[in-house]
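What follows is a protein structure lacking sequence information:
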């Protein structure tokens, strides 16, 4: 059975380090997503920081392939939200253009109230990481991202719409 782990980071460096450890541990494969709000003050900074860390070239300015971990996506315009850079399966859902970040999180089992709170955090500049993995691996993944500074870390079950690890 699959579980979804969500967490919010204040810095791209923290998120990058957490995802590298997860990749190296083999706990979550192609089911890793990241969403960053683009804005004049934060979006370009995150995009440049991410591009520099991953590819060595800050001029690229997009979320790039993370050693095969994240599928690249261009900037995505999200209705009533603005432009985001996103990678992974969540990017695919957002590219359809008919879902908000909160609605997309609903697909992963996050209830509407909490999904709206998470969307607000992303609006304020937090970096959203969403990982779908086997239930047996979810606790380890949650511990890894929390260990690298993620806040609001939760483990969700699609069938119940309730977190099995409440946010902090």
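Yep, that arrived. The structure presented is a predicted model; accordingly, all values stated were derived computationally and were not measured.

Give me the distance between the closest residue to residue 79 other than its chain neighbours and residue 135.
In space, and not counting its chain neighbours, residue 79 is closest to residue 100: 6.7 Å by C-beta to C-beta, 6 or more residues apart in numbering. For the C-beta atoms, the positions are set from N, CA and C on the backbone; glycine is no exception. Distance, residue 100 to residue 135, using C-beta to C-beta, to the nearest Å: 27 Å.

who's in contact with residue 80?
Contact analysis of residue 80 by C-beta atoms under 8 Å, 6 or more residues apart in numbering lists residue 100.

actually residue 126, not the one I wrote
Counted by C-beta under 8 Å, 6+ apart, residue 126 has contacts 8, 9, 10, 151.

With residue 93 instead?
Residues in contact with residue 93 (C-beta under 8 Å, 6+ apart) are 99, 104, 107.

Mind checking which of those land in helices?
Among those, the members falling in helices (DSSP state H) are 104, 107.

sec struct for residue 158, please.
Here residue 158 is coil, with the state taken from DSSP: H, G, I helix; E, B strand; the rest coil.

Let me see the backbone angles for the residue lying closest to it once chain neighbours are set aside.
Among residues not flanking residue 158 along the chain, residue 109 sits closest, at 3.7 Å (C-beta to C-beta, 6+ apart). With angles defined as degrees, to the nearest 10, residue 109 sits at phi 100, psi 0.

Show me which helix or strand of the chain is least confident by mean pLDDT.
Within the chain, no helix or strand scores below helix 43-55, which has a mean of 48 by mean pLDDT, DSSP states H and E.

how about the helices in this structure?
Ranges of helices within the chain are 12-25, 43-55, 89-95, 101-107, 112-123, 135-147, based on DSSP H.

gap between the residue nearest the centre of the chain and residue 142?
With distances taken as C-alpha atoms, centre = their mean, the residue of the chain nearest its centroid is residue 129 (2.1 Å). Here residue 129 is placed at a distance of 11 Å from residue 142 (C-beta to C-beta).
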